[in-house]
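>>> Here's my sequence, what's the structure:
(chains A and B)
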Protein chains: 2
Amino acid sequence: MTGPDGDIEALIALMARLPGLGPRSARRAVLSMIKKRGVLMEPLASALQRVAISARECVTCGNISTRETCVICASEKRANGTLCVVEDVADLWAMERSGVFAGRYHVLGGVLSALDNVGPDDLRIPLLRGRVREEGITEVILALNATVDGQTTAHYIADELHGTGVAVTSLAQGVPIGGELDYLDDGTISAALRARRAL
Amino acid sequence: MTGPDGDIEALIALMARLPGLGPRSARRAVLSMIKKRGVLMEPLASALQRVAISARECVTCGNISTRETCVICASEKRANGTLCVVEDVADLWAMERSGVFAGRYHVLGGVLSALDNVGPDDLRIPLLRGRVREEGITEVILALNATVDGQTTAHYIADELHGTGVAVTSLAQGVPIGGELDYLDDGTISAALRARRAL
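Numbering: from 1, shown residues only, chains lettered A, B, ... in the order given. Here you go, the predicted model:
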């Protein structure tokens, strides 16, 4: 029995390798693209081609950009003495969407993990000390995920920066806005209780 | 505040228009593609380009193909006198995956719908009579969705083919394999009961 023919089959197989898409949704996506050839499929092919050629890591912070130095590192306004350390570019984008951080970033490219054999030299940790000194950073904010590996990495970085005189802080842990206690895990409730504030 | 830069932002916006992807999963997909540039992003860009140029509807059955006549219509082996009528190409592919139908297809391109103003001439219904005669079809299997519009369309086609001498059948309705009665809707249970078989 035959399915869609060669080229279409190959396209579906590639689409199915994207995170969040499986074989079924890849087929749906391909059919929908074929139906919207001019407004979706052709522009998407060109956009992919363009980004595949131009996307690179910012040499300073590790953000993904089409320039050698990303927009954030290139902007003088963002040089306010604070540096936000994130695990990967998706986290940087999440911070930017919130629109509340006005400084620059440092993308580690992962977290320390004994299990996956990821050491400090596999990440952008060695570059951090140099940036703190050269950019006159006064505060390093560790915005790492609240996982075991994330917190291990946070402690490692805090130790590394010890003695440089820079303040090392981390995001607060607690009840998320709109969060219902009944649906929260015990760890979050216990962290929120420990960090309780006077009203 | 700035997010990913121009070209990357544009790519994310296009990806987010695919069915099954929203802004968040589009961002994840784009980041993952940038990380796998050589093995995923570049091949995907070329595959899209290739299919955008070559994909077309089979002139006979409406299947999507890169040739004027699709592989199924081109194969003499599939000319066994049965024609399976489906709503769209995704349904044709689903039938092919099951690997149990050896005849040819006729893709309607939708179903009749008074609400959406879809009449017989908006679909491939007028072509059906001609195919039945020219290809010596003895049985037309209506594999339409078990929705109101799908069933209306099935009845309309059965009426259209009345008097041509062709047998018109439809897929059986009943309990899906692995289905638990407790989770089935009343309509399915009632259809399965009406169509009960002696063991």
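>>> Next, the buried residues of stretch A:64-79.
By 16 or more other Cβ atoms under 10 Å in any protein chain shown, the buried positions in stretch A:64-79 come out as A:Ile64, A:Ser65, A:Thr66, A:Cys70, A:Val71, A:Ile72, A:Cys73, A:Arg78, A:Ala79. All C-beta spots, glycine's among them, are computed from the backbone N, C-alpha and C.
>>> just those that are near chain B?
When contact is defined as Cβ under 8 Å from any Cβ of the partner chain, these meet chain B at A:Ile64, A:Ser65, A:Thr66, A:Cys70, A:Val71, A:Ile72.
>>> looking at it, the fifth one is touching A:Ser65, isn't it?
Yes - with contact defined as Cβ atoms under 8 Å, A:Val71 counts as touching A:Ser65 (6.8 Å).
>>> Checking my notes, A:Ala94 in a strand, right?
No - under the criterion used here (DSSP: H, G, I helix; E, B strand; the rest coil), A:Ala94 is helix, not part of a strand.
>>> rewinding a little: overlap in contacts, A:Val71 and A:Ser65.
Counting by Cβ atoms under 8 Å, 6 or more residues apart in numbering or on different chains, the shared contacts of A:Val71 and A:Ser65 are B:Asp5.
>>> circling back: just the buried residues of stretch A:64-79: which are in strands?
By the criterion of DSSP state E, membership of the buried residues of stretch A:64-79 in strands covers A:Ile64, A:Ser65.
>>> which two in the buried residues of stretch A:64-79 are spaced the farthest apart?
Greatest spatial distance in these: A:Thr66 and A:Ala79, 21.4 Å, computed using Cβ to Cβ.
>>> follow-up on the earlier one: looking at the ones next to chain B among the buried residues of stretch A:64-79, which gets the smallest pLDDT?
Here the lowest pLDDT out of these sits on A:Thr66, with 88.
>>> Could I get the contacting residues of the closest residue in space to A:Gly6 that isn't next to it in sequence?
Nearest-residue entry for A:Gly6: B:Thr66, 7.2 Å, with adjacent residues in sequence omitted and distances by Cβ to Cβ, 6 or more residues apart in numbering or on different chains. Each residue near B:Thr66 by Cβ under 8 Å, 6+ apart is listed here: A:Asp5, A:Gly6, A:Asp7, A:Ile8, B:Val51, B:Ser54, B:Ala55, B:Arg56.
>>> How about the secondary structure of A:Pro176?
Under three-state DSSP, A:Pro176 comes out as coil.
>>> Which pLDDT value belongs to it?
Reported pLDDT for A:Pro176: 87.
>>> Repeat that for A:Gly3.
56.
>>> next one: A:Arg131
Model confidence at A:Arg131 (pLDDT) stands at 94.
>>> which of the contacts of B:Thr66 are buried?
Buried among the contacts of B:Thr66 by 16+ other Cβ under 10 Å: A:Asp5, A:Asp7, A:Ile8, B:Val51, B:Ala55.
>>> My guess is the third one contacts A:Leu31. True?
Spelled out, that is A:Ile8. No - contact criterion Cβ under 8 Å: A:Ile8 and A:Leu31 do not qualify, at 9.2 Å.
>>> Which neighbours do those two have in common?
Taking Cβ under 8 Å, 6+ apart as the contact rule, A:Ile8 and A:Leu31 both touch B:Ile64.
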